[in-house]
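>>> Pasting the sequence and the predicted coordinates here, then a few questions.
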Amino acid sequence: MTLTILQLSEPYGQVAFREAGQGEPVVLIHGVGMQSAAWGPQIDALSATHHVIAVDMPGHGGSDPLPEAAELPDFVAWASEVLTAMGVGPVNLAGHSMGALIAGGMAIEHPEQIRRVAVVNGVHRRSAGARQAVEARAQEIRKGAIDLETPLNRWFTPNDCAARDQVARWLGAVDPSGYATAYGAFARGDDTYADGWQKVACPMLALTGDGDPNSTPEMSQAMADAAQDGEAVIIEDHRHMVNLTAPDVVTDILQAWLARPATERSPE
């Protein structure tokens, strides 16, 4: 696996990404507070058959941040620029959590760059109470109050010790400003592209854990039902970090998604 830095056009600065394998491109975008290494099990497995590129989201890992006022469409525009600068596409794009929001936005706004799309633990039309809670957390993070235990307790069961410890290290190392910007966009982005799923014609996968209180099975099913070629898969007895707590199961599901027939597009 190779870690690479690529200079993007203004105003995006540099993007860092991990790359492995050859073949049809698979691009992976992590969630808020994480980094590209969070896709480690999937990079290792999928690179046996595909060209896997796992990117650091803006303000995370080695990627430069977006402006503090950035919203979800700014992150989607960034992702489109990343694919253009890399000269890859159309790609199979999978995102986790905030990365799922970006992936969905890409499939809706830039379908010419997407061959297949997967949203892992994605959010969709939060309830009023859930939206109020996540926006309150965004405000606390902006003030510099980064609470690690609360998200870890939501994301993991008591049996997920190894994955929890690794995620805690990533959260503890994240740049506070980049984290705050991304979390704010995440908090306000759950319905930004919610009406657009009906436009998505490529093979679409919505995957989550049945114990995820924020990226619920109902959300995944609603997105899959709205898409033209959508499928929802719910993993039992897992929560928010399913790609780490059930890595083999998630990889098998992604491989089945990658095997679904897709209409070929030529990059513009």
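Done, it's in. Please read all numbers here as calculations on a predicted model, not as lab measurements.
>>> what does stretch 56-75 rub up against?
3, 5, 11-17, 29-30, 32-37, 55, 78, 98-99, 101-102, 105, 109, 174-175, 177-182, 184-186, 188-189, 192-193 (Cβ atoms under 8 Å, 6 or more residues apart in numbering). Where you see a C-beta, it was placed from the backbone N, CA and C, and this is true even at glycine.
>>> for stretch 146-160, same thing?
33, 137, 140, 163-164, 167-168, 171-172, 176, 179, 211, 213-214, 237-241, 244-245.
>>> List only buried entries from those residues.
When the contacts of stretch 146-160 are checked for burial by 16 or more other Cβ atoms under 10 Å, the buried set is 33, 137, 163-164, 167, 171, 179, 211, 214, 238-241, 244-245.
>>> Least confident of these?
When these are compared on pLDDT, residue 137 comes out least confident, at 90.
>>> List the buried residues of whichever strand or helix holds that residue.
In this structure, residue 137 sits in helix 128-142 according to DSSP states H and E. Neighbour-count burial for helix 128-142, counted by 16+ other Cβ under 10 Å, picks out 131, 134, 137-138, 141-142.
>>> Just the closest of those to residue 226, please.
Using Cβ to Cβ, residue 131 comes nearest to residue 226 of these, at 19.4 Å.
>>> and the closest one, what does it touch?
187, 190.
>>> Relative to residue 191, how far out is it?
Relative to residue 191, residue 131 is positioned 9 Å away (Cβ to Cβ, to the nearest Å).
>>> Parallel or antiparallel, list what pairs with the helix or strand bottoming out on mean pLDDT in the chain.
Of the helices and strands making up the chain, the lowest-confidence element is strand 2-7, at a mean of 89, by mean pLDDT, DSSP states H and E. Strands adjacent to strand 2-7 in the sheet, as given by DSSP bridges, are strand 14-20 (antiparallel).
>>> Helices along the stretch 1-150 of the chain, start to end?
40-46, 72-86, 98-109, 128-142, 149-155 (DSSP state H, counting those that start in this stretch).
>>> Any chance of those helices in a markdown table with distance to residue 260 as columns?
Formatted as a markdown table, the entries for those read as follows, by distance: least, Cβ to Cβ, whole Å:
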| stretch | distance to residue 260 |
| --- | --- |
| helix 40-46 | 15 |
| helix 72-86 | 21 |
| helix 98-109 | 14 |
| helix 128-142 | 31 |
| helix 149-155 | 28 |
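>>> Which of these has the highest mean neighbour count?
When you average the neighbours per residue for each of the helices of the stretch 1-150 of the chain (mean count of other Cβ atoms under 10 Å), helix 98-109 leads with a mean of 27.
>>> Helix 72-86 and that one, what's the angle between them?
Orientation of helix 98-109 against helix 72-86 (axes from the mean of the first three to the mean of the last three Cα atoms, to 10 degrees) gives an angle of 80 degrees.
>>> Which elements pack onto helix 98-109?
With contacts defined as 3 or more Cβ pairs under 8 Å, 6 or more residues apart in numbering; DSSP states H and E, helix 98-109 has these neighbours: strand 25-29, helix 72-86, strand 91-96, strand 114-120, helix 176-188.
>>> With distance to residue 45 added, can I get these in a markdown table?
Shown next, in a markdown table, are the helices and strands packed on helix 98-109 (distance: least, Cβ to Cβ, whole Å):
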| stretch | distance to residue 45 |
| --- | --- |
| strand 25-29 | 11 |
| helix 72-86 | 22 |
| strand 91-96 | 13 |
| strand 114-120 | 14 |
| helix 176-188 | 27 |
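>>> Out of these, which gets nearest to residue 204?
Nearest of these to residue 204, taken as Cβ to Cβ: strand 114-120 at 5.3 Å.
>>> neighbouring contacts of that closest one?
Counting by Cβ under 8 Å, 6+ apart, 24, 89-97, 99-101, 103-104, 106-107, 200, 202-208, 220, 223, 242-243, 250, 254, 257-258, 260, 262, 264-265 sit against strand 114-120.
>>> repeat that with 6 Å
Contacts of strand 114-120 from elsewhere in the structure, counted by Cβ atoms under 6 Å, 6 or more residues apart in numbering, are 90, 92-94, 96, 100, 103-104, 106-107, 202-207, 257, 262.
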